[in-house]
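[1] from the sequence below, what's the structure:
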Amino acid sequence: MKEAPFSNIITSMRLIRDILREHKEAGKPAISCEFFPAKTLVGETALLQKVVPRLKAVNPAFFSVTYGAGGSTRDRTLDIVETIQRDQSVPTMAHLTCVGSTRNDVGGVLNEARKRDICNILALRGDPPEGQKQFQEHEGGFKFSYQLVEYLRARNNLSIGVAGFPEGHIACTEGKLIDWQRLKAKVDCGADFVITQLFFDNNDYYEFRDVLRTKGMNKPILAGIIPILSGRQIDRFTQLCGSKLTPEIISTLEKLGDDDEAMGRFGVDYATRQCEDLIANGVEGIHFYTLNKSRATIEVVQNLGLGA
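    Below you'll find the model as predicted:
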């Protein structure tokens, strides 16, 4: 099948790579927030009319919107990104995965994105669809995310982010150093910045960053932070992504049990201290996994003195 021609529409929305460069020149870490397409209309309305406007008030550098497992929310991802940019005037990045798509499919998504003034893309291999245990290359598609990065880089006027894993990717059986080597190669294919998976031990981030820097990878590395909201929530996320909990978090979980209110207060305090240490050690940006909620992220940003 003939590949979809790519549109070279000139965008009016700012590129994240330029925003990050300006923050670096100003000596101030960039703050960004991630959302996911809600499963219901009520949830999506709450996200767009309540959560996003509240988080805009802390002056984020950009927002991002995820792409469901197997590309299941592709159209809604673009809809939400377009709505946020139109209503809030905040640059918003769309996630894009290789799952279940041919190159022609991806070209079509990019053309649609550009028509909507979407020029910032997070390039991911992606998780397999529900019921499928391992990633399977789609015929005529991409097997690895670096191939998607190469494909995107060949297109004009895009800023491209990729994911990094301070503890190594959960599916990489060769170990984290091999995983980081592959990330360096992926960045060399044309990525502008890295956003990390969530982590709780900053030493993991520092080792990850330092190894990449010694390999000559000098693009910004934004630290992925999730303020803990409840014990159940954090257990689920760590099982999914493989991030380890610190002794302090483990002991607090044992102490507080199902007291979500107390756990939420601890989560804000822990994330604040984590971010303070990261900022003191030169982090270029902090990317908050908000879970479509605003309060905890706002409190952390205000504690850091980084809000508007």
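
[2] so residue 195, which of the three states?
    Three-state secondary structure (criterion: DSSP: H, G, I helix; E, B strand; the rest coil) places residue 195 in strand.

[3] gap between it and residue 44?
    Using Cβ to Cβ, to the nearest Å, we find residue 195 at a distance of 23 Å from residue 44. From N, CA and C alone the C-beta is placed, and that goes for glycine too.

[4] the two: who's more crowded?
    A direct count of neighbours by other Cβ atoms under 10 Å for residue 195 and residue 44 places residue 195 higher, at 22 against 18.

[5] pLDDT at that one, what is it?
    pLDDT recorded at residue 195 is 98.

[6] also residue 223?
    98.

[7] now do residue 77
    In this model, residue 77 is scored at 93, pLDDT.

[8] residue 65 is in contact with that one, correct?
    Yes - contact status for residue 77 versus residue 65: in contact at 5.2 Å, counting by Cβ atoms under 8 Å.

[9] list residues touching both of the two?
    Listed as contacting both residue 77 and residue 65 by Cβ atoms under 8 Å, 6 or more residues apart in numbering are 37, 94, 95.

[10] list just the nearest of these to residue 29.
    residue 95 (21.8 Å; Cβ to Cβ).

[11] just the element for the closest one, please.
    In the assignment (DSSP states H and E), residue 95 maps to strand 92-97.

[12] please save the CA atoms from that strand in PDB.
    The C-alpha coordinates for strand 92-97 follow below in PDB (Å, rounded to 0.1, in the frame of the first residue of the first chain):
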ATOM      1  CA  THR A  92       0.200  19.700  24.300                       C
ATOM      2  CA  MET A  93       2.000  16.500  23.200                       C
ATOM      3  CA  ALA A  94       0.200  13.500  21.700                       C
ATOM      4  CA  HIS A  95       1.600  10.000  22.500                       C
ATOM      5  CA  LEU A  96       2.000   7.800  19.500                       C
ATOM      6  CA  THR A  97       2.700   4.000  19.500                       C
END
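
[13] helices or strands up against that strand?
    Other elements packing on strand 92-97 under the criterion 3 or more Cβ pairs under 8 Å, 6 or more residues apart in numbering; DSSP states H and E are strand 62-65, helix 74-88, helix 103-115, strand 120-124.

[14] what lies in contact with it?
    16, 62-67, 71, 77-78, 81, 84-85, 106, 109-110, 113, 118, 120-127, 148, 152, 159, 161.

[15] what's the average pLDDT for stretch 239-249?
    Average pLDDT, stretch 239-249: 86.

[16] use 509 as the first number for this chain going forward.
    Renumbered: residue one is now 509, and that last one reads stretch 747-757.

[17] in it, which residues are buried?
    Buried positions in stretch 747-757, judged by neighbour count with 16 or more other Cβ atoms under 10 Å: 749, 751, 753, 754, 757.

[18] now do stretch 593-605
    Applying 16+ other Cβ under 10 Å to stretch 593-605 flags 593, 596, 598, 599, 600, 601, 602, 603, 604, 605 as buried.

[19] do stretch 690-704 as well
    690-692, 694-695, 697-704.

[20] distance between the ends of that stretch?
    Length of stretch 690-704, first residue to last, Cα to Cα, to the nearest Å: 14 Å.

[21] what of stretch 701-719?
    Terminal-residue distance, stretch 701-719 (Cα to Cα): 16 Å.

[22] can you flag which of the buried residues of stretch 747-757 belong to helices?
    If you go by DSSP state H, the buried residues of stretch 747-757 have 749, 757 in helices.

[23] got JSON lines for the buried residues of stretch 747-757, with distance to residue 742 too?
    Formatted as JSON lines, these follow (distance: Cβ to Cβ, whole Å):
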{"residue": "749", "distance to residue 742": "11"}
{"residue": "751", "distance to residue 742": "9"}
{"residue": "753", "distance to residue 742": "7"}
{"residue": "754", "distance to residue 742": "11"}
{"residue": "757", "distance to residue 742": "8"}
